[in-house]
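[1] Using only what follows, build the 3D model:
(one chain, ligands or ions: 1)
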Amino acid sequence: MGVSEELAVRARHAIPHGVNSPVRHYDPYPFFAERAEGCRMWDADGHSMIDMCNGYGALLLGHRHPDILGAVTEQMGRGTLYCTPTALEVEVSELVRGNYPSMEMSRMVNTGGEATMTAVRLARGYTGRDKIVMFAGGYHGAHDTVLVKSGSGSASMPASAGSPPGMADHTIVLPYNDLEGFLDVVESRDDIAGVIMEPVMANMGLIPPRKGFLEGVRHTTKQRGVVLIFDEVVTGFRMSPGGAQSYYGVRPDMTTLAKALGCGFAAAAVGGRRDIMECLAPGGTVYQASTFAGNPVAAAAAAASIHTINGMAGSLYPRLERQCGRLAGAVRDAAADCHMPCVVHHIASMMQVFFTDGMVHDYDTAKRADAHTFSRLFAGLLERGIFVAPSQFETAFLSAAHTDQDIDMVARAYQDALGAMAT
Ligand SMILES: Cc1ncc(COP(=O)(O)O)c(C=O)c1O
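    Numbering: from 1, shown residues only. Down below sits the predicted model:
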């Protein structure tokens with residue numbers, strides 16, 4: 001029995017289903033990680049692999065980037081938790097505003113889910129309305145309002161048990177990329193507090209917005225006094241230093257950031273229009289709090305991440321987009337050579353494969369793709385030393401640490417794995 005297998009047996013007795021987050025589970029058992037550096041990880045059995053999961057997008061700069069480690073180590077020498085304000089927190093919110101001008105004010109929190117929970121509560125508190133619109137297959141964290149027909153690890157369940165049905169009644173779920181359907185609903189109701197959306201869907205595979213969709217959503221929400229929340233937990237810093245909102249030139253009322261904000265540390269932020277953000281306690285009536293919010297280690301990681309990303313931006317984003325386009329093209333060609341019908345989506349440094357012969361533009365069309373074939377691809381890639389997220393309802397991510405040679409190796413592994421599946 002290998003070390004990962006032994007650990008999996010122990011884990012199943014101590015941790016529900018052996019994992020601390022459901023997306024980490026796959027059959028027969030996940031590999032157990034031991035260390036990582038740059039774009040590589042090593043498992044407990046000594047195998048090395050190229051990481052294309054990249055902390056589900058968090059590791060934009062790769063594992064153990066020296067700037068981030070340096071800032072965090074220096075901060076740890078001065079303390080890890082004060083629970084009174086620090087200059088670092090001010091710096092982070094100022095840096096965030098510099099990259100995301102729509103985030104006139106922001107608060108640091110610990111996770112993406114905490115950020116979206118706060119954004120949704122603020123939308124309700126600010127407007128005095130109850131309903132929240134989201135798009136099917138979007139994932140915004142594991143809290144009741146947004147765990148309805150959501151993507152990522154929850155894609156197998158229409159709603160979570162333990163979430164009272166009355167909660168889901170306040171969530172209106174619409175198909176992504178269907179502007180007419182969206183307008184029909186939002187223009188006919190007066191009880192919608194907010195719309196929360198991933199500007200580019202990255203939790204049901206990867207699905208970019210149709211031309212005009214984001215602009216249409218923005219226009220109507222503004223007209224109807226509905227708070228538009230861009231959940232940029234994945235796209236923030238990944239699409240561009242200013243996220244998807246800068247990439248597409250659409251300014252939301254509120255934004256949530258996490259993942260690449262901390263480049264491997266638990267740093268997240270919720271921010272937006274000053275008049276909305278000032279509804280937060282203590283001065284306002286919307287409550288949000290956390291012992292660890294804005295803790296100095298996370299704040300040091302966030303400040304260093306933003307400085308480093310901004311410093312590299314001119315060369316980093318064009319390189320990632322080029323590498324990602326090349327990889328997607330190679331995967332498309334390999335699948336065509338094997339006569340495997342498939343659609344490959346890519347944008348910025350994100351890519352996903354759908355085994356289907358139809359277009360993929362929303363959750364229904366994403367679910368038509370053959371998830372079983374995707375699981376075989378995942379296993380084939382892992383055998384060849386490439387780690388992508390195990391599920392069809394996720395996305396592969398490149399990082400600053402991937403060289404052209406690394407991407408060539410990844411492309412070859414896709415070609416070999418697809419070839420083996422076709423024979
Ligand atoms: C778009 C999006 N929003 C929110 C979240 C929740 O973030 P966290 O896992 O940090 O709570 C995720 C997590 O994958 C996400 O992809």
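[2] For the ligand, give me its nearest residue in the stretch 51-200 of the chain.
    residue 112 (2.3 Å; CB to the nearest ligand atom). Placement of C-beta: from N, CA and C, glycine included.
[3] wait, isn't that residue in contact with residue 233?
    Yes - Residue 112 is within contact range of residue 233, at 3.7 Å (criterion: CB atoms under 8 Å).
[4] need the residues of the stretch 201-350 of the chain near the ligand, please.
    203, 231, 233, 234, 258 (CB under 6 Å from any ligand atom).
[5] Wait, the last one touches residue 115, no?
    Yes - under the contact definition of CB under 8 Å, residue 258 touches residue 115, with a separation of 6.0 Å.
[6] Return every residue with contacts to both of these two.
    Residues touching both residue 258 and residue 115 by CB atoms under 8 Å, 6 or more residues apart in numbering: 233, 268, 269.
[7] Give me the contact list for the lowest-mean-pLDDT helix or strand in the chain.
    The weakest-scoring helix or strand in the chain, judged by mean pLDDT, DSSP states H and E, is helix 165-168 (a mean of 83). Here helix 165-168 makes contact (CB under 8 Å, 6+ apart) with 144, 145, 148, 159.
[8] tell me the phi and psi of the last one?
    The phi and psi values for residue 159, taken as degrees, to the nearest 10, are phi -150, psi 160.
[9] now do the one 5 residues further on
    Here is the backbone geometry of residue 164 (degrees, to the nearest 10): phi -60, psi 140.
[10] Please list all residues in contact with it.
    Per CB under 8 Å, 6+ apart, neighbours of residue 164: residue 144.
[11] Can you tell me how far it is from residue 194?
    20 Å (CB to CB, to the nearest Å).
[12] Ok, residue 252 next?
    Residue 252 is 10 Å from residue 194, by CB to CB.
[13] Can you pull the residues that touch both of these two?
    228, 229.
[14] Which parts of the chain are strands?
    Secondary structure of the chain, counting by DSSP state E: strands at 33-37, 40-43, 48-51, 105-109, 131-135, 171-174, 192-197, 227-231, 254-257, 268-272, 343-347, 350-354, 386-387, 396-397.
[15] These into JSON lines, with extra columns for mean pLDDT, distance to residue 301 and mean neighbour count?
    As requested, the strands of the chain are exported to JSON lines (pLDDT from 0 to 100; distance: least, CB to CB, whole Å; neighbours: other CB atoms under 10 Å):
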{"stretch": "strand 33-37", "mean pLDDT": "98", "distance to residue 301": "16", "mean neighbour count": "15"}
{"stretch": "strand 40-43", "mean pLDDT": "98", "distance to residue 301": "19", "mean neighbour count": "18"}
{"stretch": "strand 48-51", "mean pLDDT": "98", "distance to residue 301": "19", "mean neighbour count": "20"}
{"stretch": "strand 105-109", "mean pLDDT": "98", "distance to residue 301": "11", "mean neighbour count": "23"}
{"stretch": "strand 131-135", "mean pLDDT": "98", "distance to residue 301": "29", "mean neighbour count": "25"}
{"stretch": "strand 171-174", "mean pLDDT": "96", "distance to residue 301": "32", "mean neighbour count": "20"}
{"stretch": "strand 192-197", "mean pLDDT": "98", "distance to residue 301": "25", "mean neighbour count": "25"}
{"stretch": "strand 227-231", "mean pLDDT": "98", "distance to residue 301": "21", "mean neighbour count": "29"}
{"stretch": "strand 254-257", "mean pLDDT": "98", "distance to residue 301": "13", "mean neighbour count": "30"}
{"stretch": "strand 268-272", "mean pLDDT": "98", "distance to residue 301": "11", "mean neighbour count": "28"}
{"stretch": "strand 343-347", "mean pLDDT": "98", "distance to residue 301": "26", "mean neighbour count": "21"}
{"stretch": "strand 350-354", "mean pLDDT": "98", "distance to residue 301": "22", "mean neighbour count": "25"}
{"stretch": "strand 386-387", "mean pLDDT": "98", "distance to residue 301": "23", "mean neighbour count": "22"}
{"stretch": "strand 396-397", "mean pLDDT": "98", "distance to residue 301": "18", "mean neighbour count": "28"}
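[16] okay, now residue 341: neighbour count?
    14 (other CB atoms under 10 Å).
[17] on that earlier part again, between the shared contacts of residue 258 and residue 115, which sits nearest the ligand?
    Nearest member of the shared contacts of residue 258 and residue 115 to the ligand, counting by CB to the nearest ligand atom, is residue 233, at 3.4 Å.
[18] unless I'm mixing things up, the closest one is touching residue 256, no?
    Yes - taking CB under 8 Å as the definition, residue 233 is a contact partner of residue 256 at 5.7 Å.
[19] where do the contact lists of the two overlap?
    112, 115, 116, 140, 268.
[20] residue contacts, the residue nearest to residue 271 when sequence neighbours are not counted?
    Excluding its sequence neighbours, the residue lying closest to residue 271 (CB to CB, 6 or more residues apart in numbering) is residue 106, at 2.7 Å. Neighbour list for residue 106: 92, 93, 96, 97, 269, 270, 271, 272, 277 [criterion: CB under 8 Å, 6+ apart].
[21] what do you get if the cut-off is 6 Å, keeping everything else the same?
    Residue 106 sits next to 93, 96, 269, 271 when contact means CB atoms under 6 Å, 6 or more residues apart in numbering.
[22] need the strands of the chain in a markdown table with distance to residue 283, can you?
    Output for the strands of the chain, formatted as a markdown table (distance: least, CB to CB, whole Å):
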| stretch | distance to residue 283 |
| --- | --- |
| strand 33-37 | 42 |
| strand 40-43 | 45 |
| strand 48-51 | 43 |
| strand 105-109 | 12 |
| strand 131-135 | 24 |
| strand 171-174 | 29 |
| strand 192-197 | 20 |
| strand 227-231 | 19 |
| strand 254-257 | 18 |
| strand 268-272 | 16 |
| strand 343-347 | 39 |
| strand 350-354 | 38 |
| strand 386-387 | 46 |
| strand 396-397 | 38 |
